[in-house]
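Peer 1: got a structure for you, letters missing:
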């Protein structure tokens, strides 16, 4: 039997890390207020109050979900720190949602004003069930925060309607959402309430998806005909770019049933949400085939289609996956999409897989995605009283390319038409406590996955286990873990992939650890006082990272600890980054960056490498191509300075940025 | 005063080259019949016979132009060889066009059936004047072929209507086409007929384009309002992808007047057609500012935005140009568009610039574009009685990426919805005679630009000059030029860029040449018998080509003579091309390819280089990223075989193809 690990409830962990406290504070005091302000000024916050007369002429089909996600994020921060502005938004939104609910449970601004009779007729394009999924997640968070059913009640009532409408029985629609998400919401409702209805409906949505009839058609085809359209109507100018060919249902992971899928395809956020729900479903139902499919598709994702930054989905057209090993870095032309939400979802999926088993790969991916793509998608800074100016904390990336060119830098935006990314970023960093610790009753093991200076109080049937982590990560890799357990409990501590060959461990006398699948396992014992103190070190030193040759990326990236670095024009004036190769033979150095240069964040090491650019003197005269080996000659050795990727595009300069550099 | 060079009329040159005869024969006997067949089966051939009742529900706005272009191409081949099928198509089409002409001169199938009252109300999107431009070009070709006004008459009558409708005077529309082309047609009509009306209208269209009113609006804005739309209506789902932002008129080169433009932008075919017409207009009008703008934008094109294959327009979204030096090779994601028609148009523009002055760069670009992108866009083979099978001559590329991946090869297509490319390819190779030779009366100089075994009889006022070229190009670079001129005439012979440092020349005793701007100039003298025989040699040996470091493409391509080569999976089984680097220190070799392996083309040398792939053994285990220098280690030295790019994707294999390979 698999040892199922339950994340520790959020309120039981107190974060003390200076690094993360700055970020969490700025999330609460700057990021969420800015998001709420955008929800209000764009009208989203009040979409559920629309009437036919007050609605815009083209209501947006999934504006409600931005409110739900923000509401959910606010709940996480409120569980940790009271805040009257966030609380006011939560209360206001809950009231609006309650009042927007139809008699039969339905809640949706788009169909309420554009024709309630058309509801549930276009699951493929209209995000109805997607929105409900976010409502369910918000309801679970709100219940956890308040203990009330103020939002949970409406969500369950709406779910009951959906349960009657969709399913395998006579008279029910055999449909499933065009954008997965309700499955996650259902599993969270099930875990909170134990209602079998939720588990069954999640299972139906997950397993019905992509099944074909005798005419090789799927539900979206039937549905299109039923509304008087035809199965090819998504091949219109509005949607066509999502698809590689008509009825390319891989976009929605509906090209075949989950259990038959071997390769991750389609829209990357959809795909990750699907696997997240399927992972939870496998855990609750014990369905091993579903778990095997999730693990297979996860491997396809992280071993063939993930950027070194934890970004996924390299194709802009479909915001999605494309061929294995095709990972272009530049955004121009429609590549390197690497959507913030996709990395957010990959991190969440990785955490969900850690519920099934402890595998270092899951924790490594979670760490890489969070520290690099997700964290860097929000403008750094804005963390304290003295750092409140500028765009710190209140500007966002939707796409996270790994290079930008001089003269074409990429600035973060205050808001987006499709505004999924900002609230998701706020959500995930509110969940640090849950991401960091979990416990398995079956194996009586307390686990540490993600290292944040914090204190976690695990309330187990036998009593309380307190885990206290002190660490300088992401800057320095010492980890002091103080465990207090008055009864015997085993420990499992993730050894980050980047430290697997260099880490050190010392525990109380007689405590020996064994490493398995990237986790250090310490057998069950009582932990108390100095006998409960463990010291680990994950040396954070600059290192070179290479990509699998099948990517064709015969380049080198630099990393240090969990952070991927990048070279920027602002730090390397006069050096053409795109024609610079780093010397593999030269040592890598580091220097401490002045705080004022790196968004007011203390302790940031800048990496210093040696490189040579192609000598442009052989190219004087303006030819674009030429022969003669002098055209390929290297110039003198130059110093290349690099900063963490998450801090990029923050200090002016010419806009050039590169994670990967050529190598010689 | 500039020495204007007039191309030699087509009929005065007889091509004898085995290489080109095969191609021209297959163009006439396979390519054009296949195009005509597609025009008929798709209904294009009869679009001008449509009535409201017989037309499709959504008539295509520029189907007529495919007929015009094919008609024009047929005329060129018929000037050289009679062919009853081509003749029948020409006669049939001319009759249809005559009968489709409205009383006032208008000809256009789309508006005839969708509402004649709407004509000339949407120049931005509807290609009306573009179509007329192709009609004019066809009319000039048809008049040259037949000496009749059967098509010229209708074209001139339509032009008269357009001349009344558009222009700078009171009551006229100050419009210009959304897709340039009519300007080329007008200049050709002017050169044929001397009608000042044509020159003036061309000048109006060329110079009015992109001018702004006091509200910073251009004609397309006014026109949108006039038809009850708004200037932002191109920002719709149907057209949005063409533009980087609303009212991004750079797409149509209408963002500013020509004389102010410094950088080539927008849709690449539009841009090349614009410059072609502007070049001709500058020649006819003596407008030096226009010529300076054309040369400036040509330099921007070929020195910053051209692939080594002569392809241009690296962005699929807009089929157009993007940043200087951004030349990604792979099509996935929306890059490496490199449309066939854009290279066709670049070759034509290069020829037009050679009318102003002899500059090797123009001839080099013409040669590169023709031999590589344009020639390779059509399936090779199909040249003779024994090579009639398969797709030889009857399948085409629209996009010409410089790499494809294993498992994702790119096959040529029989036809396209937008079918500009096939007829343009047929056209240009029918014009070899005109592309190869020209004469300047002002400087009394006969010039050879493009080397094709052929005999050109230049009919000059003082008598006939006969130039006879014999050459083994593109395979071997010996050129024997026999000149027969009973009166004194100077000669200018282009020295290809790739042979500029290795060519040899020997002429009659006492004849010394001087090289200027890539041309060998021989002073005026009488040429006769052995005293008229010149021998040149342009050694065709394998060479390495490098790209300007600003491209970031620190790779190497191989070329030989005018041909760029590529490595294909089929020739390199088991070698991962994308992670293979060619050794700069190893010699390059060549071997003769068996004819049956290269589309039945005799004498094709295969290039043989040495390379090393990254050793994948360090990557066993499935990780996508890793550290440790062994991850970057090279494997053993392997042989890499390469074939001419124009012969690619012709012999099966796994679909992998690369022009550029890494270098060490």
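Peer 2: Thanks, I have the structure now. Just so you know, these numbers come straight off a predicted model, no measurement behind them.
Peer 1: List the contacts of residue A:283.
Peer 2: The contact partners of residue A:283, taken as C-beta atoms under 8 Å, 6 or more residues apart in numbering or on different chains, are A:4, A:291, A:352, A:355-356. Backbone N, C-alpha and C define where each C-beta goes, glycine included.
Peer 1: next helix or strand past the helix or strand harbouring it?
Peer 2: According to DSSP states H and E, residue A:283 maps onto helix A:268-285. Per DSSP H and E, the first helix or strand lying C-terminal to helix A:268-285 is helix A:288-304.
Peer 1: Tell me the gap between that next one and the middle of its chain.
Peer 2: Put simply, helix A:288-304 sits 17 Å off its chain's centre (C-alpha atoms, centre = their mean, to the nearest Å).
Peer 1: try stretch A:611-618
Peer 2: 39 Å.
Peer 1: Just to check, residue A:155 is in contact with residue A:133?
Peer 2: No: if you go by C-beta atoms under 8 Å, residue A:155 and residue A:133 don't touch, sitting 10.0 Å apart.
Peer 1: list residues touching both of the two?
Peer 2: Common neighbours of residue A:155 and residue A:133 (C-beta under 8 Å, 6+ apart) are residue A:185.
Peer 1: can you confirm residue A:204 is in a strand?
Peer 2: No: going by DSSP: H, G, I helix; E, B strand; the rest coil, the assignment for residue A:204 is helix, not a strand.
Peer 1: Can you tell me how far it is from residue A:169?
Peer 2: 10 Å (C-beta to C-beta, to the nearest Å).
Peer 1: These two: which is more packed in?
Peer 2: Each of residue A:204 and residue A:169 has its neighbours counted (other C-beta atoms under 10 Å in any protein chain shown); residue A:204 has more, 21 against 9.
Peer 1: okay, now the closest residue to the more buried one other than its chain neighbours: neighbour count?
Peer 2: Here the nearest residue to residue A:204 in space, its sequence neighbours aside, is residue A:167; by C-beta to C-beta, 6 or more residues apart in numbering or on different chains that works out to 5.6 Å. Around residue A:167 there are 19 other residues, counting by other C-beta under 10 Å.
Peer 1: Let me know the pLDDT of residue A:167.
Peer 2: We have a pLDDT of 97 for residue A:167.
Peer 1: Could you verify my assumption that it touches residue A:205?
Peer 2: No: if you go by C-beta under 8 Å, residue A:167 and residue A:205 don't touch, sitting 9.4 Å apart.
Peer 1: all helices in the stretch 51-200 of chain A, in order from the N-terminus.
Peer 2: A:63-78, A:84-100, A:109-114, A:123-126, A:128-146, A:152-165, A:182-193, A:196-208 (DSSP state H, counting those that start in this stretch).
Peer 1: most packed of those?
Peer 2: Most buried of the helices of the stretch 51-200 of chain A, by mean neighbour count (mean count of other C-beta atoms under 10 Å in any protein chain shown): helix A:63-78, with a mean of 27.
Peer 1: ok, back up a step: top of the contacts of residue A:283 by number of neighbours, please.
Peer 2: Most surrounded of those: other C-beta under 10 Å gives residue A:352, at 24 neighbours.
Peer 1: what's the distance between that one and chain B?
Peer 2: Residue A:352 is 21 Å from chain B, where distance means C-beta to the nearest C-beta, to the nearest Å.
Peer 1: do you know how far that residue is from residue B:429?
Peer 2: 60 Å.
Peer 1: likewise residue A:474?
Peer 2: For residue A:474, the distance to residue B:429 - C-beta to C-beta - is 61 Å.
Peer 1: what sits against residue A:97?
Peer 2: A:48, A:67, A:107, A:135, A:151, A:154.
Peer 1: Just give the number of residues close to the third one.
Peer 2: When counting by other C-beta under 10 Å, one arrives at 25 neighbours for residue A:107.
Peer 1: Would you mind listing the buried residues in the top strand by length along chain A?
Peer 2: Longest strand of chain A, by residue count under DSSP state E: strand A:478-494. For strand A:478-494, a neighbour-count test (16 or more other C-beta atoms under 10 Å in any protein chain shown) marks A:479, A:481-485, A:489-494 as buried.
Peer 1: Tell me the helices and strands packed up against it.
Peer 2: Packing partners of strand A:478-494 (3 or more C-beta pairs under 8 Å, 6 or more residues apart in numbering or on different chains; DSSP states H and E): strand A:445-448, strand A:463-471, strand A:519-527, strand A:533-537.
Peer 1: Present those as a markdown table; the columns should include distance to residue A:313.
Peer 2: Converted to a markdown table, the helices and strands packed on strand A:478-494 look like this (distance: least, C-beta to C-beta, whole Å):
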| stretch | distance to residue A:313 |
| --- | --- |
| strand A:445-448 | 29 |
| strand A:463-471 | 31 |
| strand A:519-527 | 29 |
| strand A:533-537 | 34 |
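Peer 1: Which one, of those, ends up nearest to residue A:564?
Peer 2: strand A:463-471 (19.1 Å; C-beta to C-beta).
Peer 1: Quick check: phi and psi on residue A:444?
Peer 2: The phi/psi pair for residue A:444 (degrees, to the nearest 10) reads phi 50, psi 50.
Peer 1: Surely it touches residue A:524?
Peer 2: Yes: judged on C-beta under 8 Å, residue A:444 makes contact with residue A:524 at a distance of 5.8 Å.
Peer 1: Could you pull out the residues contacting both of these two?
Peer 2: Common neighbours of residue A:444 and residue A:524 (C-beta under 8 Å, 6+ apart) are A:488-490.
Peer 1: could you list every residue that touches residue A:265?
Peer 2: With C-beta under 8 Å, 6+ apart, residue A:265 has these contacts: A:250-251, A:253, A:255, A:271, A:320-321.
Peer 1: likewise residue A:15?
Peer 2: Residues counted as contacts of residue A:15 (C-beta under 8 Å, 6+ apart) are A:21, A:24, A:80, A:432-433, A:452-454.
Peer 1: Which members of those residues are the farthest-apart pair?
Peer 2: Most distant of the contacts of residue A:15, by C-beta to C-beta, are A:80 and A:453, 14.7 Å apart.
Peer 1: And these two? Which one has more around it.
Peer 2: Per other C-beta under 10 Å, whichever of residue A:80 and residue A:453 has more neighbours is residue A:453, with 20 against 17.
Peer 1: what separates that one from chain B, distance-wise?
Peer 2: Residue A:453 is 26 Å from chain B, by C-beta to the nearest C-beta.
Peer 1: Now that residue. Nearest residue, chain neighbours left out?
Peer 2: Counting by C-beta to C-beta, 6+ apart, residue A:453 lies nearest to residue A:17, which is 3.7 Å off, once chain neighbours are set aside.
Peer 1: partner residues bridging residue A:527?
Peer 2: Beta-bridge partners of residue A:527, counted by DSSP bridges, are residue A:485.
Peer 1: In contact with it, which residues?
Peer 2: So residue A:527 contacts A:465, A:483-485, A:489, A:491 (C-beta under 8 Å, 6+ apart).
Peer 1: Now flag whichever of those residues is closest to chain B.
Peer 2: Nearest to chain B out of the contacts of residue A:527 is residue A:491 (C-beta to the nearest C-beta; 26.6 Å).
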